[in-house]
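Student: Provided below for reference: sequence and predicted model.
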Amino acid sequence: MTPSIRASSIKPSPTLSLDSKAKALKAGGVDVVNFGAGEPDFDTPDNIKEAAIKAINDGFTKYTPVGGTDELKTSVIEKFKQDNNLEYEKNEIIVSCGAKHSLYNIAGALFNPGDEIIIPAPYWVSYPDQALLHDAVPVIAETDESNSFRITPQTLESCLSDKTKALILNSPSNPTGLAYDQNSLEEIAELAIKHDFYIISDEIYEKIVYDGFRHSSIASLGKDIKERTIVVNGLSKSHAMTGWRIGFAAGPKEIVGAMTKIQSQSTSNPTSIAQKAAVEALTGTQDFIPLMVSEFDKRRLYIIERLNKIEGITCSKPLGAFYVFPNISSFFGKKFKGKPLTSSFDLSSYLLDEAQVAAVPGGAFGDDKYIRLSYATSMAVIQKGLDRIESALAELQQ
Ligand SMILES: *Cc1c(COP(=O)(O)O)cnc(C)c1O
């Protein structure tokens, strides 16, 4: 059997495969420190779990409308109004099996073969591959750490062509923690309107922000930009619900309608029980979120301080999400047992094999000078992991 050309054009999610490699080592008895996690280490809050248990006991276990129940869409509409000052109708909302699934449906609904999709690097691993799966062309836009990895209007303009269909914006960003301020968003919105392309705005880390940062959705900047933006969000990160698979999107009804049609021919509705849990997550108490974020914040400050003390590493301070993205390129060319490390992949393998520390190579996100460490793990584990990284890097030879 030969898999399709399309399937052969992509790779498995590198973050998910690193995470499973680390988990397998751990299950085999190896004491691995896993900085690979792409999910909060907190348990889903009890009120949300109870809503799901009630749904089961009430027999809410059948098919629902494809794009989500009316009850859940109403809660999602309310969320956009409250948090983002955005007004939507039900036919402009779709609930999917995770934000990743919403993004995949957007690709199916929007991308034609040959369409160019601008993706600022470092990017979340699935954006380019989802474009490739729809025969669209990822156009990777370079950014600069000195500008917090923001795409500048100049770079954006230099990426435009008559084939440009959309820009994928991720703020706060995985992997860099970059969060766009309103001014930068306005500059991007202006270009989108002037040059007539769509914005796909992945705002899944909206609630996980620090230092008093206030998230704005680019769609909220005016009617013209709202009409060409599809906002993606979900509960995986904000409510520690990665396994429940609930994400959603809001945008022009023609696109959301096409997404719903695609979803009707693939997964149908997201799990009925998870939808009930999602209503509780959106409408019930939100007390859990600031507690989680303040714990993340302590770890963020600690990990940045420690990393910057390690000779050869520099690490800027992320404003959102739960990752740090240290620059490790000064170690390229250094040797272990006579063999030089030449890439972020080499460095990550070295850390995993010799120090039992799992970190995702920056190359997987489109920038090889970095590695990504998730601090969605306990302070004790973070301390141990940083001790190990520090001594493993000190052992490398010139
Ligand atoms: C985690 C993540 C998602 C996907 O989340 P789901 O679990 O599919 O809802 C989407 N975008 C980014 C940037 C993420 O980090």
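Tutor: Cool, the structure landed.

Student: Roughly how far does residue 332 sit from residue 107?
Tutor: In this structure, residue 332 lies at 34 Å from residue 107, with CB to CB, to the nearest Å as the measure. (Each C-beta comes from the backbone N, C-alpha and C, glycine too.)

Student: more neighbours, the two?
Tutor: Each of residue 332 and residue 107 has its neighbours counted (other CB atoms under 10 Å); residue 107 has more, 25 against 15.

Student: Let me know whether that one touches residue 129 as I believe.
Tutor: No. Because the distance of 9.8 Å does not satisfy CB atoms under 8 Å, residue 107 is recorded as not touching residue 129.

Student: Enumerate every residue touching the closest residue to residue 97 other than its chain neighbours.
Tutor: Counting by CB to CB, 6 or more residues apart in numbering, the nearest residue to residue 97 once its immediate chain neighbours are dropped is residue 245, at 4.4 Å. Applying CB atoms under 8 Å, 6 or more residues apart in numbering, we find residue 245 in contact with 97, 98, 101, 270, 271, 274.

Student: Most neighbours of all those, which one?
Tutor: When the contacts of residue 245 are compared by neighbour count (other CB under 10 Å), residue 270 ends up highest, at 28 neighbours.

Student: how close does that one get to the ligand?
Tutor: As for residue 270, its distance to the ligand is 10 Å (criterion: CB to the nearest ligand atom, to the nearest Å).

Student: In contact with the closest residue in space to residue 228 that isn't next to it in sequence, which residues?
Tutor: In space, not counting the residues next to it along the chain, residue 228 is nearest to residue 198; the distance is 5.0 Å by CB to CB, 6+ apart. With contact taken as CB under 8 Å, 6+ apart, residue 198 is in contact with 110, 165, 166, 167, 192, 228, 229, 230.

Student: The third one belongs to a helix, doesn't it?
Tutor: No. Going by DSSP: H, G, I helix; E, B strand; the rest coil, the assignment for residue 166 is strand, not a helix.

Student: That one: how many residues sit nearby?
Tutor: Here the count is done by other CB under 10 Å, and residue 166 has 24 residues near it.

Student: May I ask you to confirm that it is in contact with residue 197?
Tutor: Yes. Shown here, residue 166 and residue 197 form a contact pair, counting by CB under 8 Å, at 5.7 Å.

Student: tell me, what's touching the two both at once?
Tutor: By CB under 8 Å, 6+ apart, the residues touching both residue 166 and residue 197 are residue 118.
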